[in-house]
Structures are given as C-alpha cells and as structure tokens.
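**Q** Return atomic coordinates for the entry below.
(one chain, ligands or ions: 1)
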Amino acid sequence: MNVRWIEFKDIVDKRNDERPMGHLTPIEGLKDVPFEIKRIYHITRVPENTIRGFHAHKALEQVLLCLNGNVKINVSDPFSKEIFVLDNPAKGLYIGPGLWREMYDFSPASVLMVLASDIYTEEDYIRNYREYTEYAYEKSKETANKI
Ligand code: T46
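**A** A predicted model of the protein is given here:
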C-alpha cells in the first residue's frame with residue numbers, strides 16, 4: 001500500500017544560557033512532503049469513542065500529523081490493512097490515493113493536522129465501502145494489465 005511514515009526535522013534550540021526553548025518542525029511542500037501543499041485542516045475536540053473517516057480518495061495525497069496527544073488510523077485496501085499510531089508532531093503519515101481510512105481512539109485534547117495536495121472537492125471522495133472495493137479492484141486490474 002502507498003502509505004508510509006515521513007520523519008520531519010525536530011529542531012530543539014537552546015538560548016545562550018542553555019535553557020531549552022521547545023521544538024520547531026518546519027514542513028515545506030515538494031521538499032519535506034512529496035506534493036505541493038494546497039490545503040491544511042485540523043481535527044480537534046473529538047468526543048470519546050468517535051470513529052471518523054470511512055472513505056477513500058481517488059487522487060488526493062495527504063500527510064497526517066498528530067500535534068498533541070495521539071490517535072490511531074487504520075489504512076486499508078481490499079487486499080491488506082495497516083494500523084498506525086500517530087503520537088509524534090515531528091512524524092507524519094503519508095497516505096497516497098485510493099486507500100480506505102478510519103481514524104479512532106482520539107486522546108482527549110488531541111490535535112490532528114492534515115496537509116493535503118489539493119483543495120476540498122467532494123467528487124474526489126468515495127464514501128461507500130462497496131463502491132470503494134469495486135473501484136479498488138478495477139484499479140488493481142488496470143495496474144496488472146500495465147505490467
Ligand atoms: C481525510 C481524513 C484524514 C470541508 O468542507 N472542507 C475540508 O477541507 C474537509 C476535509 C472537510 N470538509 C467538510 C466535509 C464534511 O461536511 O467537513 C465535514 C467533515 O468532513 P469528513 O467527514 O470528510 O471528515 P473526516 O474526519 O471523516 O475526514 C477528514 C478528511 O475529509 C479526509 O480527507 O482523509 O480527515
């Protein structure tokens with residue numbers, strides 16, 4: 001599956017008197033993430049036991065970072081599935097197009113930030129799981145025919 005971790009810089013500067021000043025993580029489009037960043041959104045104040053997602057994107061690429069707290073994400077296609085724990089603001093999860101995702105176990109005060117390769121358009125979403133599996137099978141056949 002086209003999903004992987006990206007480790008960003010975690011800059012910990014110190015003042016002249018050696019007092020720590022906290023962490024700074026810069027993220028630049030086409031350099032630190034493999035696309036131009038066209039949209040940023042964040043998800044906060046998610047009530048306990050909420051599961052979000054339940055969709056795939058046809059073309060959108062995204063990088064998810066948990067800036068505070070932690071959250072789990074289940075990324076799958078009809079052939080495999082992987083569960084990731086996002087708990088590090090200097091580590092992002094890249095998710096390529098065509099993968100189903102479900103986010104759950106949001107810790108209290110968690111902040112999930114998402115960098116996206118395109119602006120919001122509902123036409124890019126597949127929100128019905130049956131429709132998604134048909135789409136994913138077709139895509140895998142197209143890929144096999146190209147080889
Ligand atoms: C994804 C996961 C990680 C907008 O109007 N603009 C936006 O940019 C976005 C992302 C959403 N919306 C609207 C569409 C819905 O009416 O906000 C509402 C909630 O969106 P959705 O139910 O898709 O949210 P999640 O948390 O299930 O999924 C979101 C992203 O939509 C999705 O691309 O991969 O976060």
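
**Q** what ranges do the strands span in this structure?
**A** 3-7, 11-14, 20-24, 39-44, 52-57, 62-68, 71-76, 81-86, 91-95, 100-104, 111-116, 125-126 (DSSP state E).

**Q** possible to save those as CSV with distance to Y135?
**A** For every residue, glycine as well, the C-beta is placed using N, CA and C. Below are these laid out as CSV (distance: least, Cβ to Cβ, whole Å):
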stretch, distance to Y135
strand 3-7, 17
strand 11-14, 41
strand 20-24, 40
strand 39-44, 23
strand 52-57, 8
strand 62-68, 18
strand 71-76, 13
strand 81-86, 17
strand 91-95, 16
strand 100-104, 10
strand 111-116, 20
strand 125-126, 6
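
**Q** What sits closest to the residue most central in space within the chain if chain neighbours are left out?
**A** With distances taken as Cα atoms, centre = their mean, the residue of the chain nearest its centroid is L64 (3.1 Å). Of all residues not flanking L64 in the chain, L93 sits nearest, at 4.7 Å (Cβ to Cβ, 6 or more residues apart in numbering).

**Q** residue contacts, the one you found?
**A** Contact partners of L93, counting by Cβ atoms under 8 Å, 6 or more residues apart in numbering, are 3-6, 63-65, 73, 75, 84, 86.

**Q** what are the bridge partners for it, then?
**A** Judged by DSSP bridges, the bridge partners of L93 are W5, L64.

**Q** Point out the residues in the protein that sit beside the ligand.
**A** Contact residues (Cβ under 6 Å from any ligand atom) of the chain with the ligand: 39, 41, 43, 52-53, 62, 64, 101, 103, 114, 120.

**Q** Output the residues you listed as a markdown table; include the columns pLDDT.
**A** As requested, these are exported to a markdown table (pLDDT from 0 to 100):
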| residue | pLDDT |
| --- | --- |
| R39 | 98 |
| Y41 | 98 |
| I43 | 98 |
| R52 | 98 |
| G53 | 98 |
| Q62 | 98 |
| L64 | 98 |
| R101 | 98 |
| M103 | 98 |
| V114 | 98 |
| Y120 | 98 |
